[in-house]
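Student: Give me a model of this one.
(chains A and B)
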Amino acid sequence: MIELKNISLKYGEKEILKNISLTIQDNTIKAILGPSGVGKSTILKLMLGLIKPNSGKVLIDGTDITHMKESELYAIRRKMGMVFQGNALFDSLSISQNLGFFLRENLKLPQEEISQRVAEQIQFAGLEGYEDQLPESLSGGMRRRVAIGRALIFKPHMILFDEPTAGLDPVSSKKILSLISSLRNHNNLGAVIVTHIIDDVFNVADSVAVLYQGEIIFDDVTEKLHESQHTFIRSILSDKILEL
Amino acid sequence: MPLILIRSLEKRLNLQLKDFFLTMQEFFLFSLRTFMAIPKTIRYWRDVLDQATICGTDSIPIVLVSSISIGALLAIEVGNLLEDFGAKTMLGRSTALSVIRELGPLLMGLMLSARFGSRNGAELGAMQISEQIDALRAFGTDPIAKLVMPRLVAALIMFLPLTALSDFAGLQSAAYMAEHYHRIDPGIFWNAVYPRLAPKDFVVGFLKAPVFAVIITLVSSFNGFSARGGTAGVGRATIKGIVVSSGLVLIANFYVSKIVLENM
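Tutor: Numbering: from 1, shown residues only, chains lettered A, B, ... in the order given. Just a heads-up that it's a prediction; the model follows:
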């Protein structure tokens, strides 16, 4: 379980997050919805301890990671997988090397187990035949699937998606969303999805938090979003994609 | 009006000073974390070998070209000067001192600042803006131990033989020009080189190699890690890394010579 308690964050004079609190239960998919540049990706980085808040607490499975040292955080981070917006694949490594990279680096697993886990992810992501290709030779949707495979290979409890369908064509977006849904159905994983596309929220999320001007203005099950009377939520429900 | 201008200048100066000291603090912590990661060398030995190839073996041609051309030029110019005083036989001694103490290590440092430093800045900067460094941290790998420490260890190991190679090539080209341009017998040239070189001459020259290795690697890597603002940001970080490390190499060259020669 991930808990953010009264988090505030400033970049210079700009207040990005104003006293926000969020809870993400295990085995559920939570979406964080909001316009571009509002601090959604920052929330994911806070959950991983990649940045520190000015005030408030970040708890992972009850452990306060807010003031942990970088070396102490590595073990906590391995409980979570992260899919970056730009995928953040290592461009000089092949697809199978990208998938196995962190297993080799961080877990002292035998080579057979690494190969087996890589093969499982290749199959899960539907990338058979592309094992030895470099990321640059793949389409955007395929690269995103490799990034998801890399996040899953650790067998994390929670997976964090930063704009999982941004920049993808409708067919690739649909594949990625179905892949995310299948995680809940088959692997009992929890997930946090940061997005500005409201259809993604209705397609995969159990609950949604709406971030607007640094504050959480809605946090409930997805179906209740339609009942909200907040003017911003009313406007995004009619526009579907937030381009503010 | 002048009061407003003075206050505005004062505010800008304060901000710049604050930025400078914050950057220095970050650089100090970055350097400290890199040195503290050195015990992990065995774990990252493959990365150290890769970097040793890049900064060592692959740098041999540029180091040879620069040291051969400067050695030859030095022999011609110094030989002409000594001829005016009828002391051409001293050419071996004067070129050996210049090459071993100063020009060999300095040229090697400047060439590697451009070659190895620019590669570090561009590669790490590109990794920073494409979130690959964040990905390393997010999946539990220390990016400084994985990316910077192997560069530092490789540079510390490889800069010494590169300095020796630079000295050797510079002296050989000087000897060649002494024989073919100034018509000095090679025996006379080399006789003026070896018996007269003191240990302190080698200490001055070879002490510079690890100093330059630390400066070039840490400055260029720090700038790569600090890259922001897309591809233009990578360009800015790379240039800053080369300019600052080259400047520091020149300053360090002066102080190492001064301190060693005054104390030995």
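Student: got the residues of chain A near chain B?
Tutor: A:45, A:48, A:50, A:70-71, A:74-75, A:77-78, A:80-82, A:84-86, A:88-91, A:102, A:105-106, A:150, A:154 (C-beta under 8 Å from any C-beta of the partner chain). In this view, the C-beta of every residue, glycine as well, is placed from N, C-alpha and C.
Student: Got a PyMOL select line for the buried ones in those?
Tutor: Here is the PyMOL command that selects the buried residues among the residues of chain A next to chain B (16 or more other C-beta atoms under 10 Å in any protein chain shown):
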select buried, chain A and resi 45+48+50+74+77+78+80+81+82+84+85+86+88+89+90+102+105+106+150+154
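Student: Tell me which entries of the residues of chain A next to chain B lie within strands.
Tutor: Counting by DSSP state E, the part of these found in strands is A:80-82.
Student: and of those residues, the nearest to chain B?
Tutor: Using C-beta to the nearest C-beta, A:Met82 is the member of these that lies nearest chain B, at 4.4 Å.
Student: how about that closest one, what does it touch?
Tutor: Neighbour list for A:Met82: A:44, A:48, A:151, A:159-160, A:162, B:135, B:138-139 [criterion: C-beta atoms under 8 Å, 6 or more residues apart in numbering or on different chains].
Student: Which members of the residues you listed occur in helices, if any?
Tutor: A:44, A:48, A:151, B:135, B:138 (DSSP state H).
Student: As JSON lines, the ones in strands among the residues of chain A next to chain B with distance to B:Pro143 and pLDDT would be great.
Tutor: Below are these laid out as JSON lines (distance: C-beta to C-beta, whole Å; pLDDT from 0 to 100):
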{"residue": "A:Met80", "distance to B:Pro143": "18", "pLDDT": "90"}
{"residue": "A:Gly81", "distance to B:Pro143": "18", "pLDDT": "90"}
{"residue": "A:Met82", "distance to B:Pro143": "14", "pLDDT": "92"}
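Student: In terms of helices and strands, where is the residue sitting nearest the centre point of chain B?
Tutor: By C-alpha atoms, centre = their mean, chain B has its centre lying nearest to B:Gly109, at 2.9 Å. Assessed by DSSP states H and E, B:Gly109 sits inside helix B:104-129.
Student: and that helix, what does it pack onto?
Tutor: Here helix B:104-129 touches helix B:45-55, helix B:60-84, helix B:149-180, helix B:199-225, helix B:230-263, going by 3 or more C-beta pairs under 8 Å, 6 or more residues apart in numbering or on different chains; DSSP states H and E.
Student: so which of those helices comes closest to B:Leu17?
Tutor: In terms of C-beta to C-beta, the element of the helices and strands packed on helix B:104-129 nearest to B:Leu17 is helix B:230-263, at 17.7 Å.
Student: What residues of that closest one count as buried?
Tutor: B:233-234, B:236-238, B:240-242, B:244-246, B:248-249, B:252-253, B:256-257, B:260.
Student: Could you do stretch B:110-122 as well?
Tutor: B:110-113, B:115-122.
Student: ditto for stretch B:165-181
Tutor: B:165-171, B:173-178.
Student: still on that earlier bit, pLDDT and distance to A:Met1 added to the buried residues of stretch B:110-122, as a markdown table?
Tutor: Shown next, in a markdown table, are the buried residues of stretch B:110-122 (pLDDT from 0 to 100; distance: C-beta to C-beta, whole Å):
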| residue | pLDDT | distance to A:Met1 |
| --- | --- | --- |
| B:Leu110 | 94 | 55 |
| B:Met111 | 93 | 55 |
| B:Leu112 | 93 | 50 |
| B:Ser113 | 94 | 50 |
| B:Arg115 | 93 | 50 |
| B:Phe116 | 94 | 46 |
| B:Gly117 | 95 | 46 |
| B:Ser118 | 95 | 46 |
| B:Arg119 | 95 | 44 |
| B:Asn120 | 95 | 41 |
| B:Gly121 | 95 | 41 |
| B:Ala122 | 95 | 41 |
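Student: how about A:Gly190, phi and psi?
Tutor: Torsion angles at A:Gly190 (phi, psi; degrees, to the nearest 10) stand at phi -90, psi 160.
Student: so what's it up against?
Tutor: Going by C-beta under 8 Å, 6+ apart, the list of residues near A:Gly190 reads A:1, A:24-30, A:157-159.
Student: how far away is it from chain B?
Tutor: Taking C-beta to the nearest C-beta, to the nearest Å as the measure, A:Gly190 falls 16 Å from chain B.
Student: For that residue, give the beta-bridge partners.
Tutor: Bridge pairing for A:Gly190 (DSSP bridges) gives the partners A:Met158.
Student: so what pLDDT did it get?
Tutor: A:Gly190 is assigned 88 on the pLDDT scale.
Student: residues near the residue nearest to the residue nearest to the centre of chain B when sequence neighbours are not counted, how many?
Tutor: Spatially, and ignoring its direct neighbours in sequence, B:Gly109 is nearest to B:Phe212 (3.9 Å; C-beta to C-beta, 6 or more residues apart in numbering or on different chains). As a burial measure, B:Phe212 scores 27 neighbours (other C-beta atoms under 10 Å in any protein chain shown).
Student: dump the residue contacts of A:Ala218.
Tutor: Just so we're on the same page, residue A:218 is Phe rather than Ala. A:Phe218 neighbours (C-beta under 8 Å, 6+ apart): A:208-210, A:225, A:228, A:230, A:233.
Student: which of those count as buried?
Tutor: Counted by 16+ other C-beta under 10 Å, those give A:208-210, A:225, A:228, A:233 as buried.
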